[in-house]
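Student: here is my input; please provide its structure:
(chains A, B and C)
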Amino acid sequence: MPELPEVETVRRSLMPLIGKTISGVEIGAFAGVLGETAPEAFSALVSGRSVACLRRRGKYLFIDLDDESLLLVHLRMTGQLLIAPCDDPPRRFEHLKLALDDGSSVRYADQRKFGRVLYLPPGSPNPVETKLGPEPLSDAFDGAYLFDYSRKRTAPIKSLLLDQRSIAGLGNIYVDEALWLARLHPLMPAGQLTAQDAERLARSGKQAIAAGIEHRGVTISHFVDGAGESGENQHHLNAYGRGRRGEPCLRCGTPMTWLTVGGRTSHFCPSCQALVDPESRGPISNRRRC
DNA sequence: CATTACCTGCAA
DNA sequence: TTGCAGGTAATG
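Tutor: Numbering: from 1, shown residues only, chains lettered A, B, ... in the order given. As a prediction, the model looks like this:
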């Protein structure tokens, strides 16, 4: 469920954890949330540690502990991190509870059990950095980067954008939003992007992600931040969801449509995001018109 | 490349 | 009852 803006919203909402000490650990029925680490080992390693800082990279959240170890969290589809009073009963689908010395606690809950909270000992090499492209809001991500990266690629632009090695943090919602803003068809072969397309798409990606953060993420079914608060960005989406429902394009009024790209439902406007076929002389596309 | 697996709940 | 869901790793 959570993409970059949702994970960033969680990170910000968890700032009250900074400086607090983990006084105990409870692990639920699904110990697989810890990956390979045995529950008893995990408990021994993190108990007594305090939270030094919270960082995010792409869709990953890093909880740095005061001995240089860290917890690497990925929420995947339905993971949630929540702060709750220590004596609150376990919430539904709770797999992990870290009790804190101030009477509060952090819970990890995950209906579908895809997410992970991994313990990384002090000095561990970062296991995700090499697999991630630039942050969409960083200067490293711009039209030139996207243009160069997409050269000679035949994959649909949507697939390229979903690949975390290209850009870190976009998922199905924000890719559809970025493509709509840039007026690009999700199936356009990435290598066919012009420099101008790439420039527009990079700006659009930044815009979609920035709006997502500003509105504290999209809550459609599961997402809540660390305080249990829903996001508001579902009210500011231009593309995602509108194709399936056949709602009009907010730019040109044409009914939106959808298809499957890279295994994901993709919502777009068939008019202003029309696919250009470079082989044909006749303009299949009217995207210049919009 | 595209498809499947990993899980569960819920809407159609 | 079937199909779908915001993600990713492992398959053909």
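
Student: domains in chain A, as residue ranges please.
Tutor: A:4-131, A:143-284 (automatic domain parsing).

Student: tell me the mean pLDDT over the last one?
Tutor: By that I understand domain A:143-284. Here domain A:143-284 scores 92 as its mean pLDDT.

Student: same thing with the first one?
Tutor: Per-region confidence: domain A:4-131 scores 97 on mean pLDDT.

Student: and that domain, is it in reach of DNA strand B?
Tutor: Yes. Using C-beta under 7 Å from any atom of the strand, domain A:4-131 reaches DNA strand B at A:32, A:111, A:112, A:113, A:114. Where C-beta positions appear, they are placed from N, C-alpha and C, glycine not excepted.

Student: and if you look at stretch A:230-249?
Tutor: No. Judged by C-beta under 7 Å from any atom of the strand, stretch A:230-249 stays clear of DNA strand B, getting no closer than 9.7 Å.

Student: which ones are touching the closest residue to residue A:106 other than its chain neighbours?
Tutor: Distances taken as C-beta to C-beta, 6 or more residues apart in numbering put residue A:98 closest to residue A:106, at 4.6 Å, once the chain neighbours are dropped. By C-beta atoms under 8 Å, 6 or more residues apart in numbering, residue A:98 lies in contact with A:22, A:24, A:25, A:46, A:105, A:106.

Student: which SS class is residue A:98?
Tutor: The three-state assignment at residue A:98 reads strand, by DSSP: H, G, I helix; E, B strand; the rest coil.

Student: now the residue of the stretch 101-250 of chain A found nearest DNA strand B, nearest residue through space, not along the chain?
Tutor: When scored by C-beta to the nearest atom of the strand, the stretch 101-250 of chain A has residue A:155 as its residue closest to DNA strand B, at 2.9 Å. Closest residue to residue A:155 apart from its sequence neighbours, by C-beta to C-beta, 6+ apart: residue A:190 at 5.6 Å.

Student: repeat that for residue A:169.
Tutor: Residue A:169 sits nearest to residue A:4 (C-beta to C-beta, 6+ apart), 2.9 Å away.
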